[in-house]
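J.: Got a sequence here, can you build the structure:
(one chain, ligands or ions: 1)
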Amino acid sequence: MTGPYLIAGNWKMNGLNSSLAVLEETARSCEHLNEEVDVVVFPPATLLAVSSILLKDTRVQLGGQDCSSEVSGAFTGEISASMLKDAGAKFVILGHSERRQRHAESDDLVRRKAIQAVQEGLKAVICIGEIAQEKADGKTLAAVSDQILYSVPRTSAVDQIVIAYEPKWAIGTGVTPTLDEIAVVHKHIRVELLAHWGESGRGIRILYGGSVKPSNATEILAISEVGGLLVGGASLDAKQFSAICEHGRSVRAAA
Ligand SMILES: O=C(CO)COP(=O)(O)O
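T.: Numbers count the residues shown, from 1 in each chain. Okay, here's the model as predicted:
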C-alpha cells in the first residue's frame, strides 16, 4: 500500500524514568525522517505524560498499550481512552495477544475498547494473529478472519483503524513466518477489510509484528500489503529501533 509506513515500538511492561533517554535518542535519530515513515512509541502508561513533554515537536508520536471499554467510573486500575489522550497519546494498542491470552480478553471486549478509542479520536492498533496450534492445524486464515469479524468495529473512521498481524508464536521467539506466509496472510486481511468496508477498506494500514529486527525489517516491509511494523524487544534499543525506521525510509524512497 502507498503512504508512509507506520513503525511502532511496543515497550510492553518495560520502562522507568531512567529509560526516557532511549526515547530522546530515538527522537534524535528519527529527526531526518520525512513523509516516508510515521513513528510511534508505546511506553508504559506511567511514562506517557512525561514522554509527551519530551517528544513535543519531534517526529515520534505516542500511544498507550491498552484502554478500558468504559468511559469512566468505578473501574479500579483501568485507564480510559480519554485519559490516554489527555496524557498525550495519539494511538492505542488493543487486543495484543499477551492481553488476549493472559487476561482472557475476548474479541468482543477488544471491539468495545476500540469503539471507545475511536470515539476519543485515538488510532486503534488492533492486534490479530493465530496461535501455534491454529497454525499447525492450518487454521491461520480462519483465525484471522474471525478476529477481524468480531474484534474490529465497523466504524466509518477507517483512518483511525490500524490492523497489526502478530502471529503469537513469532512474538519474542526470534522465529518469523516466511516472507511468503506473511504475504499470504496480509493479502487475506486486505480481502477481508475490503469485504467488510468496501473500497474504503483499502485505506486501513496493516502492520506486521513478531521478532522484527533491523536484519529482517527491509524484506518484510517490501511485501506489498505490509504498511508498517509493530516492534517489541528491538524498540527498547534506540539504535535498533531507529535502524528499523531508517529501513522503512529507504524502502519507501526506492519504491
Ligand atoms: O509483540 C510484539 C509487538 O507488539 C512483538 O514483540 P517482539 O518484537 O519482541 O517479538
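
J.: Can you get me a residue count around the residue of the chain found nearest the ligand?
T.: With Cβ to the nearest ligand atom, the shortest gap between the chain and the ligand falls at Gly232, namely 2.2 Å. Using the backbone N, CA and C atoms, a C-beta is placed for each residue, glycine as well. Gly232 is flanked by 22 other residues according to other Cβ atoms under 10 Å.

J.: Could you do the one 3 residues further on as well?
T.: Applying other Cβ under 10 Å, we find 28 residues neighbouring Ser235.

J.: can you check Glu36 too?
T.: 18.

J.: right, and it touches Cys245 too?
T.: No - applying Cβ atoms under 8 Å as the test, Glu36 and Cys245 come out as separate, 9.3 Å apart.

J.: CA-only coordinates of the longest helix along the chain in CSV, if you can.
T.: The longest helix of the chain (DSSP state H) is helix 179-197. What follows is helix 179-197 as a C-alpha-only set of coordinates in CSV (Å, rounded to 0.1, in the frame of the first residue of the first chain):
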residue,chain,number,x,y,z
LEU,A,179,8.0,-13.9,3.6
ASP,A,180,5.5,-15.9,1.5
GLU,A,181,3.5,-16.7,4.6
ILE,A,182,3.4,-13.0,5.7
ALA,A,183,2.4,-12.0,2.1
VAL,A,184,-0.5,-14.6,2.1
VAL,A,185,-1.9,-13.5,5.4
HIS,A,186,-1.6,-9.8,4.7
LYS,A,187,-3.3,-10.3,1.3
HIS,A,188,-6.1,-12.2,3.1
ILE,A,189,-6.5,-9.5,5.7
ARG,A,190,-6.9,-6.9,2.9
VAL,A,191,-9.5,-9.1,1.2
GLU,A,192,-11.4,-9.3,4.4
LEU,A,193,-11.2,-5.5,5.0
LEU,A,194,-12.5,-4.8,1.5
ALA,A,195,-15.3,-7.3,2.1
HIS,A,196,-16.4,-5.5,5.3
TRP,A,197,-15.6,-1.9,4.4
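
J.: who does the next helix-or-strand element following that helix pair up with?
T.: Downstream of helix 179-197, the first helix or strand assigned by DSSP states H and E is strand 205-209. According to DSSP bridges, strand 205-209 forms sheet pairs with strand 161-165 (parallel), strand 228-231 (parallel).

J.: The next helix or strand after strand 205-209 to helix 179-197, inter-axis angle?
T.: Sequence-wise, the next helix or strand downstream of strand 205-209 (DSSP H and E) is helix 214-221. In terms of direction (axes from the mean of the first three to the mean of the last three Cα atoms, to 10 degrees), helix 214-221 departs from helix 179-197 by 50 degrees.

J.: buried sites along helix 214-221?
T.: Across helix 214-221, burial judged by 16 or more other Cβ atoms under 10 Å covers Pro214, Asn216, Ala217, Ile220, Leu221.

J.: Surely the first one touches Ala234?
T.: Translated: Pro214. Yes - between Pro214 and Ala234 a contact is recorded at 7.1 Å, counting by Cβ under 8 Å.

J.: My read is that Leu94 contacts Val125, right?
T.: Yes - using Cβ under 8 Å, Leu94 is in contact with Val125, at 6.8 Å.

J.: can you pull the contacts of Ile244?
T.: Going by Cβ atoms under 8 Å, 6 or more residues apart in numbering, Ile244 touches Ile7, Val212, Lys213, Pro214, Ala217, Leu229, Val231, Ala234.

J.: Who are the contact partners of the fourth one?
T.: Read that as Pro214. Taking Cβ under 8 Å, 6+ apart, we find Pro214 in contact with Ala234, Gln240, Ala243, Ile244, His247.

J.: Which member of the residues you listed is positioned nearest Ser80?
T.: Ser80 has its nearest neighbour among the contacts of Pro214 in Ala234, at 29.8 Å by Cβ to Cβ.

J.: That's all I had, so thanks and see you.
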